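# fold the following and give me the result.
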Amino acid sequence: MDKTVFEKKVKFFNSVDEFMNWYNFIRPHGAFDIERLETPAGIFYQRLPKREVIMDPSLLENIGGVK
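Prediction:
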C-alpha cells in the first residue's frame with residue numbers, strides 16, 4: 001500500500017480497520033481494470049481456485065436453535 005494514500009486518507013475514517021475495508025473492498029485500484037471498478041479484494045477472490053461445494057442441506061437445519 002502506498003504510504004501516502006494511508007497518510008492522506010486515514011483521517012477521514014473512524015479507525016484503521018474502517019480505512020482498510022475501504023481500501024480493499026470499495027476503492028477501485030488503478031492496477032486493475034478501472035472501467036470495471038475492480039478492487040483488491042474482488043481480484044483476490046476472482047483468482048482463488050474454483051471449488052465445488054457439496055453440503056448436506058440438513059446441516060442448515062436448526063442453526064442457532066431455530067427450526
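
# how deep is the residue lying closest to V16 once chain neighbours are set aside tucked in, by neighbour count?
Distances taken as CB to CB, 6 or more residues apart in numbering put V10 closest to V16, at 6.7 Å, once the chain neighbours are dropped. In short, each C-beta sits where N, CA and C put it, glycine included. Burial of V10, expressed as a neighbour count using other CB atoms under 10 Å, amounts to 15.

# where's V10 relative to N21, distance?
Distance check for V10 against N21: by CB to CB, to the nearest Å, it reads 12 Å.

# right, and the helix or strand after the least confident helix or strand in the chain by mean pLDDT?
Among the helical and strand segments of the chain, the one scoring lowest on mean pLDDT, DSSP states H and E is helix 3-9, with a mean of 82. Counting by DSSP states H and E, the element after helix 3-9 in chain order, helix or strand, is helix 16-21.

# could you list the buried residues of that next one?
Under the neighbour-count criterion of 16 or more other CB atoms under 10 Å, helix 16-21 has F19 buried.
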